[in-house]
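> All I have is the shape, not the residue letters:
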Ligand SMILES: CCCC/C=C/CC(=O)SCCNC(=O)CCNC(=O)[C@H](O)C(C)(C)COP(=O)(O)OP(=O)(O)OC[C@H]1O[C@@H](n2cnc3c(N)ncnc32)[C@H](O)[C@@H]1OP(=O)(O)O
């Protein structure tokens with residue numbers, strides 16, 4: 001539900017009652033969202049180089065670009081609610097530990113050391129993504145885009161990074177396959193849009209095998225670090241499906257069309273080192289030292305000036321955004337048809353009756 005003007009005014013009053021100083025980064029974000037929600041895009045000239053405080057405020061406001069007033073109002077309300085007395089109280093006494101910022105069973109979101117971590121947490125099902133998890137991730141990314149972290153990281157709990165879409169999503173949905181396919185396409189489009197538009201550095205820490213949509217999404221990440229135990233598998237033809245998450249565009253661009261064809265059409269599974277050689281993965285680490293090395297590195301990256309990283313990402317992504325949104329829309333409408341095809345229904349039934357495994 002969208003935040004009303006009254007919700008916004010309540011949030012403005014709530015900020016004045018905060019017992020704990022939320023820190024400069026959050027205060028700047030609150031200021032920027034407030035100005036955007038009330039005055040719209042930044043319309044004043046940049047303060048001089050020695051006017052440090054006003055310059056930082058101006059930069060935070062200006063970084064919001066043409067964000068609509070209603071979205072800024074909503075983000076302000078969400079940010080304040082994450083700082084509310086109840087979350088203040090629950091965060092107390094937890095220094096040194098990850099602070100949980102979103103309650104959800106299968107997606108765990110924590111924030112510490114300038115890093116918001118979003119973890120697939122369904123190890124008994126190899127972290128397969130349910131409809132609820134797609135929604136939880138959309139919310140987690142929305143919150144992470146305005147929280148006080150510098151970078152956002154995805155990883156998986158247990159031995160898998162993620163086994164892709166939960167293949168029971170369609171068969172267990174009420175209202176029949178057609179309705180489920182229609183709803184699935186709308187959800188998928190919104191889900192992928194939230195990756196296309198995510199404003200901060202987005203990093204994947206791929207701890208183990210990755211399948212389907214958890215692989216295709218990597219083309220929208222800014223960096224991908226993998227354990228040497230990770231594998232990358234997109235068996236869309238085996239499943240009677242077609243590529244998603246803009247991979248029909250990003251994969252040929254990243255690895256060339258011949259290599260992308262082997263993955264997206266023929267379902268060739270890549271090792272971490274092969275994926276690195278194709279440019280899908282940034283760097284591979286031995287599994288024994290993976291976690292230690294990667295978190296040390298990410299904590300150092302998270303100390304870099306956050307506005308600078310965000311602005312650089314914006315420059316890199318700016319010219320691609322329109323194209324990515326168009327590709328996403330087309331892939332989703334193609335998939336909606338595919339999910340109703342005999343090829344796809346047979347493949348899912350076959351998996352569910354345990355006749356087939358990847
Ligand atoms: C609405 C948006 C839609 C977006 C569309 C995206 C497309 C895709 O993501 S396509 C990719 C879909 N994923 C798969 O096809 C993977 C299917 N799973 C497997 O082939 C195997 O489970 C595995 C190779 C991942 C692991 O094999 P392993 O022998 O090690 O373990 P299992 O005993 O098979 O798995 C344990 C447990 O987990 C369940 N499970 C694993 N993956 C999925 C899945 N994707 N969907 C549903 N359930 C999954 C598996 O059934 C087992 O459950 P039980 O213990 O209850 O039998």
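Everything's here; your move. The shown structure was predicted, so the numbers you read here are calculated from the model rather than taken from an experiment.

> Could you use CA atoms for every contact and neighbour count after this?
OK.

> For the longest helix seen in the chain, list every residue counted as buried.
Longest helix in the chain by number of residues, with DSSP state H as the criterion: helix 176-196. In terms of neighbour count (16 or more other CA atoms under 10 Å), helix 176-196 has its buried residues at 177, 180-182, 184-185, 187-196.

> Same question for stretch 305-325.
So, applying 16+ other CA under 10 Å, buried residues of stretch 305-325: 306, 307, 309, 310, 313, 314, 317, 324, 325.

> Check stretch 237-256 too.
Of all the residues in stretch 237-256, those buried under the rule 16+ other CA under 10 Å are 237-251, 255.

> The ligand next: which of the buried residues of helix 176-196 are close?
184, 188 (CA under 6 Å from any ligand atom).

> So residue 245 belongs to a helix, correct?
No. The assignment for residue 245 (DSSP: H, G, I helix; E, B strand; the rest coil) gives coil, which keeps it out of a helix.

> Would you check that it makes contact with residue 213?
Yes. In this structure, residue 245 sits in contact with residue 213. The criterion is CA atoms under 8 Å, and the distance is 6.8 Å.

> so what sits against both of those two?
Between them, residue 245 and residue 213 share no contacting residue under CA atoms under 8 Å, 6 or more residues apart in numbering.

> burial measure for the residue in the stretch 1-150 of the chain positioned nearest to the ligand, as a count.
Closest approach between the stretch 1-150 of the chain and the ligand, counting by CA to the nearest ligand atom: residue 125, at 3.2 Å. By other CA atoms under 10 Å, the residues close to residue 125 number 12.

> Burial check on the closest residue to it other than its chain neighbours, number of neighbours?
Distances taken as CA to CA, 6 or more residues apart in numbering place residue 163 nearest to residue 125, at 8.0 Å, with adjacent residues excluded. If you count neighbours by other CA under 10 Å, residue 163 ends up with 22.

> and the gap between residue 163 and residue 123?
Residue 163 sits 10 Å away from residue 123 when distances are taken as CA to CA, to the nearest Å.

> swap in residue 234?
Shown here: residue 234 relative to residue 123, a distance of 20 Å by CA to CA.

> The longest helix of the chain: how far from the chain's middle?
16 Å (CA atoms, centre = their mean, to the nearest Å).

> after that helix comes which helix or strand?
Going down the chain from helix 176-196, the next helix or strand is strand 202-206, by DSSP states H and E.

> Identify the residues contacting residue 128.
Taking CA under 8 Å, 6+ apart, we find residue 128 in contact with 122, 162, 163, 164, 165, 166.

> Show me the subset of those that also lies near the ligand.
When contact is defined as CA under 6 Å from any ligand atom, the contacts of residue 128 meet the ligand at 163, 164, 165, 166.

> Give the burial count for the second one, as a bare number.
Counted with other CA under 10 Å, the burial measure for residue 164 works out to 20 neighbours.
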